[in-house]
Structures are given as structure tokens and as C-alpha cells.
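**Student:** Just to be clear, the model below is a prediction. Sequence and coordinates:
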There are 4 protein chains.
Amino acid sequence: MSQTRAHGGRPRSERARIAVLEAVDDLLVDVGYAAMTMKGIAERAGVGRQTVYRWWSTKAEILFEASVTDAASELAVEPQDSTLDDLASYLEAVSHFLSVSPAGAAYRALLGEAQHDPAVAKLLASTDLLGDSARPVIERAISRGDLPSQTPIDQAVAQLLGPIFFQTISGYHGRGITPHDLANAFLHAAGAPHHAAPSDRSA
Amino acid sequence: MSQTRAHGGRPRSERARIAVLEAVDDLLVDVGYAAMTMKGIAERAGVGRQTVYRWWSTKAEILFEASVTDAASELAVEPQDSTLDDLASYLEAVSHFLSVSPAGAAYRALLGEAQHDPAVAKLLASTDLLGDSARPVIERAISRGDLPSQTPIDQAVAQLLGPIFFQTISGYHGRGITPHDLANAFLHAAGAPHHAAPSDRSA
Amino acid sequence: MSQTRAHGGRPRSERARIAVLEAVDDLLVDVGYAAMTMKGIAERAGVGRQTVYRWWSTKAEILFEASVTDAASELAVEPQDSTLDDLASYLEAVSHFLSVSPAGAAYRALLGEAQHDPAVAKLLASTDLLGDSARPVIERAISRGDLPSQTPIDQAVAQLLGPIFFQTISGYHGRGITPHDLANAFLHAAGAPHHAAPSDRSA
Amino acid sequence: MSQTRAHGGRPRSERARIAVLEAVDDLLVDVGYAAMTMKGIAERAGVGRQTVYRWWSTKAEILFEASVTDAASELAVEPQDSTLDDLASYLEAVSHFLSVSPAGAAYRALLGEAQHDPAVAKLLASTDLLGDSARPVIERAISRGDLPSQTPIDQAVAQLLGPIFFQTISGYHGRGITPHDLANAFLHAAGAPHHAAPSDRSA
DNA sequence: TTTTAATCGAGACGGTACGTCGAGTCTTGAC
DNA sequence: GTCAAGACTCGACGTACCGTCTCGATTAAAA
């Protein structure tokens, strides 16, 4: 289960690993993603440049490792009494994550890079950060009987996360839309009988 | 003296302006956004480096000018007979724009930069590209009576665009969700009475 | 006769050129050849690194350009009244050049590099620094009648410079050999009838 | 306790020592002195990096140890029948050593380093490689009566070795000067009465 | 017509990060 | 305590692009 050490050689320095990850966190806040360089990370961490390159290829990779655990924990919310409150509190957490949290800033930076760097896109795809956090919330709603048991989970995830993701990531000017509004609307859409299309009414 | 120009001076070369914009379009396709440099743009355009800087500050600015008009036209779709078809065809256009079209690639690149560059964020915010394209579609649905007349437009835009935007921009693994599915679900959500409790679904 | 400037472009900065050559001179004295780096040269000169590489490939090339004129002038000595004094004063200058002068230190550094770098060897070969300085001295001796008119110049140069060069460059422990001694011995060897080999005596 | 070694410890590996010296010999031929690195030596020898540093400080030191014995044997020539032939054959050996032999390449590399590294200069000075080889040849000539018995040996060594050393080490363009020519000229110079005025040549 | 001045292409300028390489040191477990 | 292995910090390598700065050469309106 160890990371395969054939036989000899000095073992990897845990001290250096931690220092790099912390340097990346600090730099993201201090100078922002664009001004964050491999050189700067190494210097801030008090680590040789080669040591950084030995274990990570790009600053995106370091940032990913530095943020993913924080991110996941920030998106895991306590179940609430009612499904509506549960959804609203989850969406509140997502909103906070995407627009306020440092871990969310890291995620947005990586998401940005992913738009023009397939390697970063692949990296991000390796962990479905948002989807994995949304699924339990939806499953809870189903088990409570507030969503139909045959609800297509993937689509429900997109419907739940989509609006708030869209508002935060694109700079969309939707004024006064609260997580509670979106939770409410989501329950309507996903809760309704699924294969009876509304436009059928007009037929 | 006079207000705009004291007296002489060579006028701006339209030839150079066009050449730069075309070079940016070409380079985005050929080498991608990340590998696109001001130096490269000037060389590809056969234009002095200073000339580029004289009229645009950043490559984001050039890319924006080069792509917005294309983008807007790609997102304007023909009205369809039924509202469901109308919505589906619009979402199909959005999907195509975001994942296939070169203009969309430019938009995604800018969106990416905007995640860690406030100047680019501001630039993008100056034109609500997606919102402006969605509004007419929603208003058409309202005027046809398929959405309540008091529908909050801003929120409806986010609900309509959110899911497809989320799927494309985050690399969400939603399998087999079609624009038609999303259009259908949207009509359910937005078409339902707005402040009704979720338990109404059982009625 | 100019350095061919096709048409456009900012002209080469004479200021930068001089600054680099002076920086090399300074650094050779301050830190020595081995510790002299392209980076260090650029910084000392207050010049961009690229600017150094644009005009010179290696530090050897810069050092050569910086030293060759100084070197040549240091090796040009005033003619003396007698041929013996003339030779002795020349050899004194050579000795001073090779063991004391900064220009000579540069020459020795280049000579050292040339032993394992063909490019530097070629560079040095482009100017026969020592040979060119010795030839006039020998020709003066011939024209004064102190050397036979058919003296083979190339060989005479090697015989004149060889001993002092050997002593300085190899760390040879010859004690108490003066330039005057060597001048005297040289006059004997080269001045003697050339094709009557001494070993012929024993025949 | 005891004087030399307190108690335990693995003894130095002779295998490793030999492997390093052979690796240096190989590398000098394969990649040349400049491209020869401590890292490369250790890898070629199949030896830990620390092991190399434990026994030698610099690559110059290893090269020196690897080459001196070869060098000395290459410069020891068989006595010839006539003094002229003896000198010529010796000079031929010197020329071959300096310009062809691998051991000579090592010597030239060290000589090069010595021009800007006092440590290497000191190392080279510890063995007067060329001088020690020339002395017996000159003494033989004296004992044969072909050189005056009061000949100053040190100066004679410089006069004998100087020209050929100069030609090989500096890239001097002396065309068609053979070891035989130089041996001949040397006998003239050193064989003549030592303090006689140059005008004696006309006698 | 002649001036005047802002434009144009070209390309050198001082900076700085890139990713690689070698330096010499340190830290393992095995012998 | 030495060995092979290999990670460590450090710093130079040569390259690329940054945004700025000259150049000489256009180009058109103002004088």
C-alpha cells in the first residue's frame, strides 16, 4: 500500500511536501492564481525548485492536492429537518464555497485553467467535487419521499447545482435569487411526475 | 485649442486592426488560448508589437472583441412551433456554442481567465452574453402562456441555463441528459405555481 | 561596412555592449573565470540576460572581445638599441603579460578552456596573439643582421616564445631563469648556421 | 583506545575505487572533460555519489590519479644511438602525448583547469610530469659529451620542451616544424658556449 | 506645398519565469 | 563505518514572453 520504494534512497521529505502545499494556499490568497509561479512556490516553501517539480508537474496539480480535502469537507452539510431546508442549506454551502471560501477560489482557478488546458480538465474530472457533494443530498430527499424514487440522479444533480453554479461562475446579474428560492424551484421540477411533459397540457 | 486632435497624424490602420482580430481567431484554433501570446499575435498578423499594445491592453481584450459578435449570432435561434421545441432548440444551440463552436471556445477561455483576473471578469460582465440570449426565449414562452406571466425572469434564466452550463463548464459526468430533457424539466419547474409548497406535487 | 541592418528595428545599444565588456573585465578580477557566469555578467552590467546571449554565445567569446586589444598592445614593445636588449625586453613583456597582467589572465583562462572546448580553441586560433607579437621582433633582428636572413620565421617564433610560455603555463619550477638568459640562448640557437646540425660534428 | 581505528566499520571498497578511476578514463574519451560530471562518474562506475566525494574532492583529483602513471610511462623513451636521434625521439613522444594520447588529453584538461583554479595548479605542480621526463634525456646528452657539462639543467629543460609545448598548447600555426628540427635547434642553442656574445655567431 | 505629428513594421531593450541539470549534502536500509 | 540509492537545497543554464523603447518610413490633415 506504500508508494513503492524499491530498496535504497533517502525517503521523501514530508516536511517539504507540507511546506509546498501550505505555500500554495498562502500564495493563492496573497498574490492570486495568475501571479503564482513554480519559482515563487518553491521560494515561499523554502524548498528547492527541483523538489517541487519532482512531485508535481504544474501549479494546478499542487493546488488541486492542496484544496481538494478542504473543498470536500466544506461541501458536506448537516442534514436538516425538512427536505426544503436541507436543500437550501446545501445550496447555501455551495454558494459560500464558490464565492467566498479560499478552497473555492482554488477550485475556480482550476476550473478556469481547465477551460484551456486538457490536463487540468482531466485532473478536475478525476474527482467530481460538486457532484459527489450533491448526490447524498438528493438521495436523502428521495429516501424521505420528497423526490420520486425513480428520479434520474445525474440530471437532478445538474438541475440542483446548475443555477447557482451558473450565477457564480459566469458573472450573471441575477439579483435577489436566494438559495431558498432555488431549492424550492428544484423541488418543483424534480418532484413533478417525470414523463408527463408540461407542454403536453397545451396539447 | 480644438477638443480631439490638435492637427496632424497618421490615422489608425484598419488593415492592422482586422489582421490582429483574425490572427487571434486563427491562433485560438491552432494553438489554443494558453499558448497564444501577444508576440505570437503580432507576428501572425504581420503587425508591429507596439501596434497591438496601442489598441488593446491584453489578449483577453482582443479575444473579446474578436468573438462577441460571432457568439451573439450563434445563440440567436429561430422560434419553434411549440414552447418545448423552442426551449430545446435554444438549449441545443447553447450546448453547441459552449462545447463545439470556436466562438464558444473563446468565451470559455475568457470565462476561465475571469476566475482569477478581475479585469477580465469586468470585461465579460459588460456583455451578458448568455443571459441576453436566454431572455427572449423565456419571454416568448410567457407570451405563449406556457409560463406564468409573473415568472421572475432572472431566476428563470438561471434555471434554464444553469444545468447545461454546469455540465459543460465543470466536467460533470452527467450521462445521457439531452437538451430536450432539460427543456422539459425547466417547464415543470418554472411553469408550476411559484410559492407553492413542495408537498403539492402529490396532488 | 556597417553591421547590416536590413531596414527596421531598434539599433544595437552601444551602452549595453560596453557595459557587458566592462563587467567581464571586472568579474575576471573580482571572482575569477570559473565563478564568472552569464547570469552574473548580465547582472553586473545592468543588462538583460537575453541581450548578452543575443550578441555573444559564451563567456569565452565575451572575454576574448574584451581582452584582445589590451593584450595586443601590452605585447607591443619599444625597439631597443641592441638586438639582445630588444629580445630581452620583449620576453619581459611576454612574461609580465602571462603572469601578471589582467589581459593575460583572460588569455590564460581562454587558453585553459581551449584545451577541452574546440569552439574556444577556434576562437583563439582566429588571432595568433603571441605569434603576431613575436614576428616583428624577430624580423627586426633579421634586418639588423643579427639573425640570418633565411631564418624560418615560424620556427624562430616557437623557439623564442616556447621556453617562457612553458614556464608560465605549465607550472614548471625553473628557478632563476631570466628573460635575458632566454634571449641570449635564443640568439645562439637561431643565429647559428642553420643547416649544419651540431650532431654532425661528432660524425 | 587504539590509535588508528576505534573499533568496527566496513573497510574501503577497492572495487569501488577501481570502478571510479576506470569510469573517469572512459568518460574522458567518450564525452570529454567538460561534459564529465561527478554525477556521471558515479553512475558510470555504478557507485554511490557520496562514495566518490568521500575519497576525492573534485573531478580534477580523480582525473589526476587516473592518468599520471600512464602519462609518465608514455614519456619515458628508449635511448637512441645518437644524441640528436635521442632528442628527436623524445620530442616525438612529447608531441604524441600532448596531441594524441588520452593520458595527454587528461593532462591538457588539468592544465586548462589549472589556469583558473589554484587548487588544480597545486595538484599539477606536485608532479613535474614533463620536466621529470626531459631531465634524463638532457643528462644523457651531457654524459655523451654533446652538451657542456656545466649546462644549466632547468633552463635546458625549458628550451627543449618550450617550443613543442607552445605549439601544442597554444594553437600556434607553425607549419612543418618537426621534432627533428627542434632537436637540432636545441643542440645548437644549449651546446654553444653559454655566456658568449651573440656576435660570436659570425666566427 | 510644406510642415507636423501620430501611425506603421521591425526588432533590441531590461526583466523574470520557465523547466533542466549539476553541485555537494543528507538520510535511508543493507552489508 | 562504508556501500548504493536517491531525495534534499541551491543556483546557473539557455529560452521565451513580457511590456517598453527606439529606429526609419508612411500617411494625411493643418498651415
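**Tutor:** Here it is on my side, so go on.
**Student:** can you give me the helices in chain A?
**Tutor:** Secondary structure of chain A (DSSP state H): helices at A:14-30, A:38-45, A:49-55, A:59-75, A:83-99, A:102-114, A:118-125, A:129-143, A:153-169, A:179-191.
**Student:** now for these, which one comes closest to chain D?
**Tutor:** helix A:49-55 (13.1 Å; Cβ to the nearest Cβ). Every residue, glycine included, has its C-beta placed from N, CA and C.
**Student:** could the helices of chain A be laid out in a markdown table, adding mean pLDDT, distance to DNA strand F and mean neighbour count?
**Tutor:** Shown next, in a markdown table, are the helices of chain A (pLDDT from 0 to 100; distance: least, Cβ to the nearest atom of the strand, whole Å; neighbours: other Cβ atoms under 10 Å in any protein chain shown):
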| stretch | mean pLDDT | distance to DNA strand F | mean neighbour count |
| --- | --- | --- | --- |
| helix A:14-30 | 97 | 4 | 17 |
| helix A:38-45 | 98 | 7 | 17 |
| helix A:49-55 | 98 | 3 | 14 |
| helix A:59-75 | 95 | 14 | 20 |
| helix A:83-99 | 96 | 27 | 20 |
| helix A:102-114 | 96 | 17 | 23 |
| helix A:118-125 | 94 | 18 | 16 |
| helix A:129-143 | 95 | 28 | 19 |
| helix A:153-169 | 95 | 25 | 24 |
| helix A:179-191 | 84 | 38 | 23 |
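**Student:** Between those, which one is closest to C:N184.
**Tutor:** helix A:49-55 (60.6 Å; Cβ to Cβ).
**Student:** what comes into contact with that closest one?
**Tutor:** A:R12, A:S13, A:A16, A:R17, A:V20, A:M38, A:K39, A:I41, A:A42, A:A45, A:I62 (Cβ atoms under 8 Å, 6 or more residues apart in numbering or on different chains).
**Student:** Report how many residues lie close to the first one.
**Tutor:** Just to be clear, that refers to A:R12. 13 (other Cβ atoms under 10 Å in any protein chain shown).
**Student:** Please report how far the nearest residue to it once chain neighbours are set aside lies from A:I153.
**Tutor:** Spatial nearest neighbour of A:R12, chain neighbours left out: A:W55 (7.4 Å); criterion: Cβ to Cβ, 6 or more residues apart in numbering or on different chains. According to Cβ to Cβ, to the nearest Å, A:W55 and A:I153 sit 36 Å apart.
**Student:** Over to A:L187?
**Tutor:** Taking Cβ to Cβ, one finds A:L187 at 15 Å from A:I153.
**Student:** again, but for A:P136
**Tutor:** 11 Å.
**Student:** Kindly report the same for A:H116.
**Tutor:** Distance from A:H116 to A:I153, by Cβ to Cβ: 30 Å.
**Student:** again with A:D26
**Tutor:** 38 Å.
**Student:** I'd like to know which residues of chain A are adjacent to chain D.
**Tutor:** By Cβ under 8 Å from any Cβ of the partner chain, no part of chain A sits against chain D.
**Student:** can we see that at 10 Å?
**Tutor:** A:G8 (Cβ under 10 Å from any Cβ of the partner chain).
**Student:** these two touch, right, A:A34 and A:A109?
**Tutor:** Yes. Using Cβ atoms under 10 Å, A:A34 is in contact with A:A109, at 8.5 Å.
**Student:** For those two, list the residues in contact with both.
**Tutor:** B:Q115, B:H116 (Cβ atoms under 10 Å, 6 or more residues apart in numbering or on different chains).
**Student:** residues contacting the residue lying closest to A:A16 once chain neighbours are set aside?
**Tutor:** Nearest non-adjacent residue to A:A16, counting by Cβ to Cβ, 6+ apart: A:V47, 5.0 Å away. Counting by Cβ under 10 Å, 6+ apart, A:V47 touches A:S13, A:R15, A:A16, A:R17, A:A19, A:V20, A:A23, A:I41.
**Student:** again, but for A:V94
**Tutor:** A:74-75, A:77, A:104, A:130, A:133-134, A:137, A:160-161, A:164-165, A:168, A:179, A:182.
**Student:** Go again with 7 Å.
**Tutor:** A:V94 is in contact with A:L75, A:L161, A:I164, counting by Cβ atoms under 7 Å, 6 or more residues apart in numbering or on different chains.
**Student:** for A:V29, same thing?
**Tutor:** A:P102.
**Student:** With A:A103 as the reference, measure out to it.
**Tutor:** 11 Å.
**Student:** cool, and A:P118?
**Tutor:** From A:P118 to A:A103 the distance is 23 Å (Cβ to Cβ).
**Student:** and if you look at A:P179?
**Tutor:** From A:P179 over to A:A103 (counting by Cβ to Cβ), the distance is 19 Å.
**Student:** What residues does chain A have near chain C?
**Tutor:** Taking Cβ under 7 Å from any Cβ of the partner chain, no part of chain A reaches chain C.
**Student:** Chain A - how does it break down into domains?
**Tutor:** The record's domain parsing of chain A by automatic domain parsing lists A:3-57, A:67-198.
**Student:** Any chance of JSON lines for those domains, columns distance to D:T51?
**Tutor:** What follows is the domains of chain A, written out as JSON lines (distance: least, Cβ to Cβ, whole Å):
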{"stretch": "domain A:3-57", "distance to D:T51": "13"}
{"stretch": "domain A:67-198", "distance to D:T51": "40"}
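**Student:** residues in contact with stretch A:104-117?
**Tutor:** A:28, A:33, A:60, A:63-64, A:66-67, A:71, A:97-98, A:120-121, A:124, A:129, B:32-34, B:108-109, B:111-113, B:115-116, B:169-171.
**Student:** For chain C, what's the nearest residue on chain A?
**Tutor:** A:K39 (14.4 Å).
**Student:** Nearest residue to that residue in space, ignoring adjacent ones along the chain?
**Tutor:** A:R49 (6.5 Å).
**Student:** For D:G40, see how far away that neighbour is.
**Tutor:** 22 Å.
**Student:** Check A:G162 too.
**Tutor:** 57 Å.
**Student:** For stretch A:109-122, what is the distance to the chain centroid?
**Tutor:** 13 Å (Cα atoms, centre = their mean, to the nearest Å).
**Student:** Pull it out as PDB, backbone CA atoms only.
**Tutor:** Taking C-alpha atoms only, stretch A:109-122 is exported to PDB below (Å, rounded to 0.1, in the frame of the first residue of the first chain):
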ATOM      1  CA  ALA A 109      -8.900  28.900 -10.500                       C
ATOM      2  CA  LEU A 110      -8.500  25.200 -11.500                       C
ATOM      3  CA  LEU A 111     -11.900  25.300 -13.300                       C
ATOM      4  CA  GLY A 112     -10.600  28.300 -15.200                       C
ATOM      5  CA  GLU A 113      -7.400  26.600 -16.300                       C
ATOM      6  CA  ALA A 114      -9.400  23.500 -17.300                       C
ATOM      7  CA  GLN A 115     -11.100  25.700 -19.900                       C
ATOM      8  CA  HIS A 116      -7.900  25.800 -21.900                       C
ATOM      9  CA  ASP A 117      -5.800  23.100 -20.500                       C
ATOM     10  CA  PRO A 118      -7.000  19.500 -21.100                       C
ATOM     11  CA  ALA A 119      -4.500  18.200 -18.500                       C
ATOM     12  CA  VAL A 120      -6.200  20.300 -15.800                       C
ATOM     13  CA  ALA A 121      -9.600  19.300 -17.100                       C
ATOM     14  CA  LYS A 122      -8.600  15.700 -16.700                       C
END
